[in-house]
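*Asks:* Would you be able to build a 3D model of this:
(one chain, ligands or ions: 1)
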Amino acid sequence: MNIHETFVCIVGAGPAGLVTALGLARAGVPFVLLDDGDGPVKESRGLVVHAGALEVLDELGVAAELLERGTRVGTFRVAVRGHALMHIPLGTVPTAFPYFLIVAQAVTESVLRDRLAAQGHAILSGHRVTGVRQDGDGCEVTGKDAQGRPFAVRARCVAGADGLHSTVREQLGIGFPQHTYDTAFLTADVELTGGPDRALAHITPSRHGLLFMAPMPGGGWRLIISVRSPGGRRPQPPALSEVQAHLRRRGLPHATVTTVHKSAGVLLHHGLADDFGRGLVALAGDAAHVHSPAGGMGMNTGIQDACDLAATLAAVHGGADADTMLAGYRRRRMAAAGQVVGFTDRLMRLVSLDTMAVHVVRTAAFALAGLVPAIGRRAALMVSCVTRTPAWTGAPRLPAP
Ligand SMILES: Cc1cc2nc3c(=O)[nH]c(=O)nc-3n(C[C@H](O)[C@H](O)[C@H](O)COP(=O)(O)OP(=O)(O)OC[C@H]3O[C@@H](n4cnc5c(N)ncnc54)[C@H](O)[C@@H]3O)c2cc1C
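*Replies:* Reported below is the predicted structural model:
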């Protein structure tokens, strides 16, 4: 059996695990990073990196490269049939990054992986974790590699960043109550002619449901279309004709879809783990919380968990009391994730109710909100995730480079 000894064993090399690793590397804390896959995410997932996550990534020295690979958007525009009702101006957010960055999650993960590799840290790919055990001295993580050979990692602490179906969470016996919405999203990466202004991201509520349009780096658009999914049935990935029909129905008669690069039907859930860890094991990212992509805050919140967790574990490595430090991490991040789950749930209720009467009331509400700039500024602050960064929450900071 292959046996590794280290200070932190990180399970999962998605955005949360990779940022935890980069944070620990910055602090000089030994770690082993295990992942059952073999590279960045393949399907189209997170697209938006908000200011709060960019602040964290900047501390780790990767924001500049990500900014080069993405498109910056400073405003969400809410419009019905071409008439602007409200603007959410990210330029008003107190941050060095007063916009959100549109960049595919696969690119974000590649940038994080390349930075780790450049610092001499390998990811143990193809390593599937099946067991996590704690004893008086620390933890033992066990599983099998891609060739079916058993391995074990002996570590003082474990970071469970192994996503929604987390084995680490399951091994700790931590519950994860979830609710599936009866609204699902169709996502489509498309080329369009006659589309709206590419300097903005567009939110179009209609009585048929919501349409979100974000300009992609390189010229295309990511479309997110809400549809009913009674009983939690996953919708089929939409073909070009269906995407076109949705655009027409939602009031964009001049937009013509010329190509669909990728499309998917996505069921939406929300939920929070009953605790964000136990003893010397902590959870981060989707292993601890899941919410609708409305607002694009899932990966962002996971990146912020990871930065906090890395700084917390670095303090433990430096001699601070592990129980106190990890209890602080769990308290801070459960509160932060609880806010995000609550906010995205309210957004989902807003976009899900699609009767004609509700549409009329909702349109009036957006129009009224558009008359009060403070509401747009408040929404910008909420969605940008900056209020959940160490600077606002009092979380420990990573040492300066
Ligand atoms: C359609 C869609 C759109 C989205 N849009 C956005 C957006 O715009 N902005 C945003 O912030 N978020 C968005 N999200 C959410 C975002 O994709 C997730 O929140 C993010 O990927 C979670 O990162 P993570 O590192 O916690 O988990 P994951 O990305 O799931 O990574 C977990 C890793 O752990 C590995 N793993 C799992 N089990 C084991 C095991 N037993 N042993 C070893 N390794 C294991 C997996 O292979 C994986 O590599 C979207 C999601 C979807 C589905």
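*Asks:* where in the stretch 1-150 of the chain is pLDDT low?
*Replies:* Scanning the stretch 1-150 of the chain for pLDDT under 70 picks out 44.
*Asks:* Residues of it that sit close to the ligand?
*Replies:* 11-17, 34-37, 41, 45-48, 105, 128-129 (Cβ under 6 Å from any ligand atom). The C-beta positions use only the backbone N, C-alpha and C, and glycine is treated the same way.
*Asks:* ditto for the stretch 151-300 of the chain
*Replies:* Taking Cβ under 6 Å from any ligand atom as the contact definition, the stretch 151-300 of the chain meets the ligand at 161-163, 167, 187, 266, 285-286, 293, 296-300.
*Asks:* now, among those, which is nearest to residue 201?
*Replies:* Distance to residue 201 across those (Cβ to Cβ) is lowest for residue 296, with 9.4 Å.
*Asks:* okay, now the residue lying closest to the closest one once chain neighbours are set aside: neighbour count?
*Replies:* Closest residue to residue 296 apart from its sequence neighbours, by Cβ to Cβ, 6 or more residues apart in numbering: residue 48 at 3.3 Å. For residue 48, the number of neighbouring residues by other Cβ atoms under 10 Å comes to 24.
*Asks:* three-state assignment of residue 312?
*Replies:* Here residue 312 is recorded as helix under DSSP: H, G, I helix; E, B strand; the rest coil.
*Asks:* Neighbours of it, how many?
*Replies:* 27.
*Asks:* With residue 314 instead?
*Replies:* When counting by other Cβ under 10 Å, one arrives at 23 neighbours for residue 314.
*Asks:* now do the one 5 residues further on
*Replies:* Residue 319: 7 surrounding residues under other Cβ under 10 Å.
*Asks:* swap in residue 125?
*Replies:* Residues contacting residue 125 under the criterion other Cβ under 10 Å number 15.
*Asks:* what's near enough to touch it?
*Replies:* Taking Cβ atoms under 8 Å, 6 or more residues apart in numbering, we find residue 125 in contact with 13, 35, 37, 38, 39, 146.
*Asks:* ok, 7 Å please
*Replies:* For residue 125, the contacting residues are 35, 37, 38, by Cβ atoms under 7 Å, 6 or more residues apart in numbering.
*Asks:* Ok, residue 16 next?
*Replies:* Residues in contact with residue 16 (Cβ under 7 Å, 6+ apart) are 161, 284, 285, 302, 303, 305, 306.
*Asks:* so which helix or strand takes in the closest residue to the ligand within the stretch 101-250 of the chain?
*Replies:* Closest approach between the stretch 101-250 of the chain and the ligand, counting by Cβ to the nearest ligand atom: residue 163, at 2.8 Å. Under the assignment given by DSSP states H and E, residue 163 is not contained in any helix or strand.
*Asks:* and it, backbone torsions?
*Replies:* The phi/psi pair for residue 163 (degrees, to the nearest 10) reads phi 80, psi -170.
*Asks:* Can you show me the CA trace of the host helix or strand of residue 306 as PDB?
*Replies:* Taking DSSP H and E as the definition, one finds residue 306 inside helix 298-317. Extracted in PDB, the C-alpha atoms of helix 298-317 (Å, rounded to 0.1, in the frame of the first residue of the first chain):
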ATOM      1  CA  GLY A 298     -21.700  28.700  -5.900                       C
ATOM      2  CA  MET A 299     -18.100  28.400  -7.000                       C
ATOM      3  CA  ASN A 300     -17.400  31.900  -5.600                       C
ATOM      4  CA  THR A 301     -18.600  31.000  -2.100                       C
ATOM      5  CA  GLY A 302     -16.500  27.800  -2.300                       C
ATOM      6  CA  ILE A 303     -13.400  29.800  -3.200                       C
ATOM      7  CA  GLN A 304     -14.000  32.000  -0.200                       C
ATOM      8  CA  ASP A 305     -14.500  29.000   2.100                       C
ATOM      9  CA  ALA A 306     -11.200  27.600   0.800                       C
ATOM     10  CA  CYS A 307      -9.200  30.700   1.400                       C
ATOM     11  CA  ASP A 308     -10.600  30.900   5.000                       C
ATOM     12  CA  LEU A 309      -9.900  27.200   5.500                       C
ATOM     13  CA  ALA A 310      -6.300  27.500   4.300                       C
ATOM     14  CA  ALA A 311      -5.600  30.400   6.600                       C
ATOM     15  CA  THR A 312      -7.300  28.500   9.500                       C
ATOM     16  CA  LEU A 313      -5.200  25.400   8.900                       C
ATOM     17  CA  ALA A 314      -2.000  27.500   8.500                       C
ATOM     18  CA  ALA A 315      -2.700  28.900  12.000                       C
ATOM     19  CA  VAL A 316      -3.100  25.400  13.400                       C
ATOM     20  CA  HIS A 317       0.100  24.400  11.700                       C
END
